[in-house]
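S.K.: Sharing a model prediction with you, sequence too.
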Amino acid sequence: MLAQLPVTYRNEREYPFCPGCGHGLVLNALNRALIESAADPKRTVLVTDIGCQGLSDQYFVTHAFHGLHGRSIAYATGIKLVDPDLNVIVLMGDGGAGIGGAHLLNAARRNIGLTVLVFNNFNFGMTGGEHSVTTPTGGVTTTTRSGNLERPLDLCATVVVNGAGFAWRGTAYDKDLADVIVEALQSRSFALLDIWELCTAYYVPNNKLTRTTLTTMRETVGMAAGVVGRAERPEYARALREAGASQAGQPALRPDPLVPIFASALDREFRLVIAGSAGGKVRSTARMVGEAAVLSGLWATQEDSYPVTVQTGHSLSELIFSPREILYTGIARPDALALVSEEGRRAAGHYLVALTPESWLFVTPQFVDLETPARKLVFDFDVTGVRGVKKHGALLLVSAALRVLDLFPLAACEAAIRRTQRSPIAEENLEIVRQGAAVVADRLGRGS
Amino acid sequence: MREFIDGATAIARGALDAGCDFFAGYPISPATPLLLHMIRELPKVGGVAIQAEDEIASISMCIGAAMTGARALTATSGPGISLYSENIGLAIMGEVPLVIVDAQRMGPATGGATTPAQGDVQFVRWGTSGGYPIIALAPSSVAECYSLTRRAFDLAERFRVPVFLLTDKAMCLSMSTVEIEQYERPPVRPRVQAPAAPSGDLGLRPEESFLPWRFDPLDRPPPFSAFGGAHIMRFTGSSHDEHGILTKDPVRVGQLNEHLWRKIADHASEIELVRADLQPDARTLLVSYGITARAMAEAAQTARARGQRVSALTVQSLWPVPAHALLAAARGASGDVPVERMVVAELNLGEFRREVEREIYAWAARERRVAPEIVGLHRVDGELITPEQFLETIRA
């Protein structure tokens, strides 16, 4: 393997950078680091950003990904997640660090094993010398003509405080830059190198910056030099795979067949709307009833509506049962409406006014005075002895309704509960279904 | 045997059965169930799923993953597609196999998060710079959520292009009964792979063994080699030569852009997918897609039960526009008695009707014949178009 490694990772192309620009120095250091690390070119990906340094990937014999401005860390994350053993090296400028700030922060938090080289020359060199997130306060650029009022972003401190495994600050002229890149590559963590440079086209002429003042500027802006942070944390791409490894081989999302073991005499579409409140188990009741219908050989659909909040407001479930496949799932007029709460009544107002003398309306005692042309049945579940009548209102009322409507056997509901719910919740709900239905039996004097 | 299942579950299962092994997404109603399914299920098949920091990161990670050999899926809603926009362009330029679920919302911006909607038809086609083609499919049943997701992966792999699956809350989150035996299982053919590197070839000078961006012929995607694989791969969002190196050479730039167009446009008939329910001598042809096609199917049944003749065309592939199928349906079931009226029904104010008009009017002009009347049936109030609304449009 070693015999096959190249003597240089550079190809024959010449760098395109301006005279005096630091980019070539950083790339030469990267080349030396790759040689020293004996990196397999076919197991190494350079991911570049937009800007002058974004041209860099064209000068190496490794894999290269040149994407959109500021997103290099996110592409690199996708690459690393699929193949955690790859050397993934991100080459970005201070511009990319700014526009892609969210990616930088989150890659550091994850400690995903990317080596990020920031070619930091304090301005946008490719587009005409505009200020960036790292332009020092007072720095003159084409968009901060009387001096930058903003504070420069401390990239190293930012990634370190957010969990990066390695962070270093220096310049393109540092003799040990290649060694630092080797250390970063070997760190198996999110490693960021904030490499300060001279942009001879724009920043240097406007700010009289030299190699010497580049070094002293670190003190002026109050940023640490050398290794700013080093921490041992699990590398994310491997950690994520390890976290999922115990589930490998388990069946994933297989069909869950409902074998019809009950029968229904229903010969047309029947529409049932359950109107209650969030937290009142409206949707889970509807889901159970839908499964019960399918267990009875019917086709069923269920559509829920609720406000964007989760634990307040109304909760409405619309069910359609049919002996045939159901195409259109909208409901203009329910055949039966179950009102569980005042919030449900308000949300179901349009259904309530659509009811006819053929419709059924099932309500709890609070709606005893509600005027309707429908066949209205009022059920008082306080007599059942069920604890938490309000919490279980939807299941109680729907159980009673199904007992009256006789669309399919209540045993189908019990079977639906048994197949999806665990003990002791299943036992509790089975008891609620029995109590709800029993209220009907008492009321209609049919015995249970 | 039947199951009681929602569209999001069917899409997730379709993706898993299609060999999807990477997902990145960000929570957004009504697409969130896809994120939850994939986070839970992908580790079981050795894949990786991640909740990214935002939508831009989601699609960026998917692009990086796909070019490392993964079959990648992401899911969002219209506002998220807005944030995907620039990277959709990158995926087109870089010929990235990628499936994007768009669970649409009603109206612009935050819009109606939890209402049925079909307003992103033109957006997914024209939502990135340059104007180059993508593929978009629209399931109109839970069973199709499964089969069209498989097909989306097949098309993404074969054409190396982003494929959208256009759905909405009503399709994703509502429960339906499905005959398990009736799930169609279209094949998922893998992207064409680059030949193995000759032994002894380091592949360090790409021209020696493999050019990642040589289109031969011009209308076919180039063979694929993954990052970390046998060949050195250069990927770039810039106009590029056969090596993946930035170029301004007019010949090469022209070839590249023509290639990106023709690999879809020249193969539109392979991508085209509709369900044509045509009746001889029908004067009216109903055209719809997605959730709205269900009301259309019911209306057609009702109309025929009343003795009316009517044809119905459910469009499953919205982009490229299925021109052949549209014209075939407009010509009538027998092919020689064209319909007099076409009704294009959708939950927007005429986005797909614009395409139908374009195709049909061009055909009528070519053949020097009177074009059928084309009318729109629209609804943008968050409610479904009803079968009754369809019935009112039928000219018997």
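M.R.: In hand now; what should we look at?
S.K.: For the chain, give me the ranges with low pLDDT.
M.R.: As the question left the chain open, I've gone with chain A. Residues of chain A meeting the criterion pLDDT under 70: A:1-4, A:444-448.
S.K.: wrong one, I was asking about chain B
M.R.: B:198-208.
S.K.: Now do the domain split for it, please.
M.R.: B:2-182, B:273-393 (automatic domain parsing).
S.K.: Just name the most buried of those.
M.R.: domain B:2-182 (a mean of 24; mean count of other Cβ atoms under 10 Å in any protein chain shown). Quick note: C-beta positions are derived from backbone N, CA and C, even for glycine.
S.K.: Can you get me the start-to-end distance on it?
M.R.: 9 Å (Cα to Cα, to the nearest Å).
S.K.: What of stretch B:126-145?
M.R.: 24 Å.
S.K.: so how far is it from its chain's centroid?
M.R.: Its chain's C-alpha centre and that of stretch B:126-145 lie 3 Å apart, by Cα atoms, centre = their mean, to the nearest Å.
S.K.: now swap in stretch B:350-365 and tell me
M.R.: That offset, for stretch B:350-365, works out to 20 Å (Cα atoms, centre = their mean).
S.K.: What parts of the stretch 301-448 of chain A come near chain B?
M.R.: A:301-306, A:308, A:325-330, A:332 (Cβ under 8 Å from any Cβ of the partner chain).
S.K.: Please dump those residues into TSV; it should also carry distance to residue B:253 for every row.
M.R.: TSV is the format used below for those (distance: Cβ to Cβ, whole Å):
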residue	distance to residue B:253
A:301	52
A:302	53
A:303	50
A:304	51
A:305	51
A:306	52
A:308	47
A:325	52
A:326	53
A:327	49
A:328	50
A:329	50
A:330	51
A:332	57
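S.K.: Quick one, which of those are buried?
M.R.: A:301-306, A:326-330 (16 or more other Cβ atoms under 10 Å in any protein chain shown).
S.K.: export the domains of chain B to CSV and tack on distance to residue A:230?
M.R.: Output for these, formatted as CSV (distance: least, Cβ to Cβ, whole Å):
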stretch, distance to residue A:230
domain B:2-182, 24
domain B:273-393, 51
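S.K.: Chain A is nearest to which of these?
M.R.: Nearest to chain A, of all the domains of chain B, is domain B:2-182, at 2.7 Å by Cβ to the nearest Cβ.
S.K.: Tell me if stretch B:251-269 is near chain A.
M.R.: No: using Cβ under 8 Å from any Cβ, stretch B:251-269 stays clear of chain A, with a minimum separation of 14.8 Å.
S.K.: With adjacent residues omitted, what lies nearest to the most centrally placed residue in chain A?
M.R.: Centroid-nearest residue in chain A, with Cα atoms, centre = their mean: residue A:106, separated by 12.9 Å. With Cβ to Cβ, 6 or more residues apart in numbering or on different chains as the criterion, residue A:106 has its nearest non-adjacent residue at 4.1 Å, and that residue is residue B:53.
S.K.: so that neighbour sits right up against residue A:103, yeah?
M.R.: Yes: the criterion here is Cβ atoms under 8 Å, and residue B:53 meets it with residue A:103 at 6.7 Å.
S.K.: On the three-state scheme, residue 151 is what?
M.R.: I went with chain A, as the question did not name one. Under DSSP: H, G, I helix; E, B strand; the rest coil, the three-state class of residue A:151 is coil.
S.K.: Chain B was what I was after
M.R.: helix.
S.K.: What are the neighbouring residues in contact with the spatially most central residue of chain B?
M.R.: What sits nearest the mean C-alpha location of chain B, by Cα atoms, centre = their mean, is residue B:136, with 1.8 Å. Neighbouring residues of residue B:136 by Cβ atoms under 8 Å, 6 or more residues apart in numbering or on different chains: B:121, B:124-125, B:163-166, B:317-319.
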